[in-house]
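*Asks:* okay, sequence plus prediction incoming.
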Amino acid sequence: MNKDWKKLKASNEGIPTFESLMPYTLEVLKDGDVLNRKIILKRIIQFLDIPDEIASMMYPNYPQGDGILANRFSFAISDLYKAGAVERIKRGMYQITELGLDLLNNYGEKINRKLLEQQPAYQKYMQELVERNNRVGTTTIEASAPIESAKIDIEDMINNQNNQIAIELLNKVRQVEPVFFEKLVIHLLETMGYSGKHGTAVVTSKSNDGGIDGIINQDPLGTSTVYVQAKRYHETNTIGRPAIQGFYGALAAVNADRGVFITTSSFSANAHEFAKNQGIVLIDGIKLTELMLEFGVGVEIAKTYKLFRIDNDYFEDEL
């Protein structure tokens, strides 16, 4: 493995590109240790003997932000994560995977984005990102386009970034326990205002729910009730018409005319067709995480930016 940073592909500033940092990210993780991002970058700098003036160089227009090398490392580890070469154990903590070790052993310094794009996990990630962006009319931006080359509309950039967060959020939701998922769903619907000002929302007994996982009384007397079914399924487990018919039967058993079926997977066309005619709202994994972001459930605002415009009314006083 090359240990001379000068031999890496670099930009005009002489700083290694994000792509050239990919193999070295795996190299410093190859022993299987769980490391945080700062330690990983520090070890890359030490391994390649990158001088301080290169490692600490800042973007001229963003002197208060991350350094250029740190920014490019972020893109490198992000692509590795999307390809399944590393896994995020918890926030900011990473560990190499079997795939990552295989890539390092078989390709070494030749690891690049093109290779990562061929990995099934990366392809699945991009397919979901395109689908999410299509739903909101956002242009899909290359997942790891460096800041200095991303000449894009601000709103598209924000939507694209939020959709990437939503993909990660959906993967996290799929890993929680079913009971926690049911509570999450009820919490989301409460936050959306389903329970009204004086209503109640409860998760039903997991041992005797009869196909109903949650009940939302929209008024204190319970005269307006929404029944909920929540299924935490793997992405490949598409929910078909029979499952929706089963939920409809559970609604009929309690004389209900409204229900919400929420899943982390997706619904078939036949399921959508049946639900539409029976007063059942279907929320798939993509819509679920869109709502979680919109109503701030399981997420927090990372940073707020101000976009200014001229206040023409202020200058009217001059006339």
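*Replies:* Noted; the coordinates are in hand. What you see is a predicted model, and the numbers here were worked out from it, not measured in a lab. Numbering: from 1, shown residues only.

*Asks:* just for the stretch 1-150 of the chain, where's the confidence low?
*Replies:* 62-64, 137-150 (pLDDT under 70).

*Asks:* also the stretch 151-300 of the chain?
*Replies:* Looking at the stretch 151-300 of the chain by pLDDT under 70, you get 151-153, 205-210, 221-223.

*Asks:* quick one: the strands in the stretch 1-150 of the chain?
*Replies:* Taking DSSP state E, counting those that start in this stretch as the criterion, the stretch 1-150 of the chain carries its strands at 35-36, 58-59, 62-67, 86-90, 93-96.

*Asks:* okay, the fourth one in CSV with CA atoms only?
*Replies:* Spelled out, it's strand 86-90. Extracted C-alpha coordinates of strand 86-90, given in CSV (Å, rounded to 0.1, in the frame of the first residue of the first chain):
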residue,chain,number,x,y,z
VAL,A,86,-18.1,0.1,6.3
GLU,A,87,-21.0,0.1,8.8
ARG,A,88,-22.0,2.9,11.2
ILE,A,89,-22.1,1.4,14.7
LYS,A,90,-23.4,4.6,16.2
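
*Asks:* one step back: Y227 is nearest to which of the strands of the stretch 1-150 of the chain?
*Replies:* strand 86-90 (35.2 Å; Cβ to Cβ). For glycine as for every other residue, the C-beta is placed from the backbone atoms N, C-alpha and C.

*Asks:* tell me the buried residues in the closest one?
*Replies:* Buried residues in strand 86-90, counting neighbours by 16 or more other Cβ atoms under 10 Å, are found at 86, 88.

*Asks:* who are the packing partners of it?
*Replies:* Secondary-structure packing of strand 86-90 (3 or more Cβ pairs under 8 Å, 6 or more residues apart in numbering; DSSP states H and E): helix 22-29, helix 68-83, strand 93-96.

*Asks:* now the ones you listed in TSV, with mean neighbour count and distance to R232?
*Replies:* Output for these, formatted as TSV (neighbours: other Cβ atoms under 10 Å; distance: least, Cβ to Cβ, whole Å):
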stretch	mean neighbour count	distance to R232
helix 22-29	24	30
helix 68-83	23	22
strand 93-96	19	24
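
*Asks:* between those, which one is nearest to E109?
*Replies:* The closest of these to E109 is helix 22-29. By Cβ to Cβ, the value is 5.1 Å.

*Asks:* give me the residues contacting the closest one.
*Replies:* With Cβ atoms under 8 Å, 6 or more residues apart in numbering as the test, helix 22-29 has contacts from 1, 35, 40, 43-44, 47-48, 73, 76-77, 79-80, 85-86, 94-96, 100-101, 103-104, 107-113, 116.

*Asks:* about what we covered before: looking at the helices and strands packed on strand 86-90, which is nearest to K183?
*Replies:* Ranking these by proximity to K183 (Cβ to Cβ) places strand 93-96 first, at 25.8 Å.
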